[in-house]
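Engineer: for reference, the sequence and a predicted model appear below.
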Amino acid sequence: MGKGIPLNDQAFQPPAQTRIHPKARKIITSSNPAFWKFPIHLKDRIPWLCNLHDILLRDVASGQHVVLACSGLKKMYRDILIRGKDGTPLKSDGTGKDKQPAEVKLLVVHLNGSFEVISGRLLKRKGHFMPPELLQSQFDTLEPPSAPENFIQISVDKNLSEIIATIVDTLR
């Protein structure tokens, strides 16, 4: 989740848990860096995304503004962030009427950049758990957001203050 970003007199505040990657994966990868050569399997990813959805629902319901930083590479992953485990099918409430799943209003911020630019930045990062060798698989997996998704696309060639200003302007 993200740091507080001012928006008028309000701020987007991080929840108590600012790092939500599964601890087991971090432990395994820190003891065996070769583990990162393989993407997270879907059966492990879905519960993690559902957990993020539940945290978003809880925090938004309590009146908080939340920023979630998550790769969300596939449309299905973003759908789960919006609707949780009910990301695609509707629930039946037993009366024969379909019940809409609890949804989070989500603005996807797609930071768009070339492999070369992002690879160069990744190589400069110190102490991050994702190795640069995994970047190509991220590009291969990426399904950029498209209509009817609620999204904006921003070039990573902009400086950080321009990126933040674009996001804040969109949220107003």
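Structural biologist: Yep, that arrived.

Engineer: so in this structure, which helix runs the longest?
Structural biologist: helix 42-61 (DSSP state H).

Engineer: can you map out the strands along this protein?
Structural biologist: Counting by DSSP state E, the segments of the chain that form strands are 5-7, 10-12, 91-92, 98-99, 108-112, 151-155.

Engineer: elements contacting the longest helix of the chain?
Structural biologist: Secondary-structure packing of helix 42-61 (3 or more C-beta pairs under 8 Å, 6 or more residues apart in numbering; DSSP states H and E): helix 75-83. The way it works is simple: take the backbone N, C-alpha and C, and place the C-beta from them, glycine included.

Engineer: mind listing what's buried along the longest helix of the chain?
Structural biologist: Applying a neighbour-count criterion of 16 or more other C-beta atoms under 10 Å, one finds 45-46, 48-50, 52-53, 55-56, 59 buried in helix 42-61.

Engineer: nearest to residue 134 among these?
Structural biologist: Within these, the smallest distance to residue 134 is 14.2 Å, found for residue 45 (C-beta to C-beta).

Engineer: need the per-residue pLDDT for the closest one.
Structural biologist: Per-residue confidence (pLDDT) for residue 45: 81.

Engineer: returning to what we had before: where's the dip in pLDDT among the buried residues of helix 42-61?
Structural biologist: pLDDT is lowest at residue 45 among the buried residues of helix 42-61; the value there is 81.

Engineer: contacts only, for the spatially closest residue to that one that is not a sequence neighbour.
Structural biologist: Spatial nearest neighbour of residue 45, excluding adjacent residues (C-beta to C-beta, 6 or more residues apart in numbering): residue 77 at 7.1 Å. Going by C-beta atoms under 8 Å, 6 or more residues apart in numbering, residue 77 touches 45, 49, 70-71.

Engineer: try it again at 10 Å.
Structural biologist: Residues in contact with residue 77 (C-beta atoms under 10 Å, 6 or more residues apart in numbering) are 42, 45-46, 48-49, 52, 70-71, 87, 141, 143.

Engineer: likewise for residue 113?
Structural biologist: Counting by C-beta under 10 Å, 6+ apart, residue 113 touches 119-121, 154-158.
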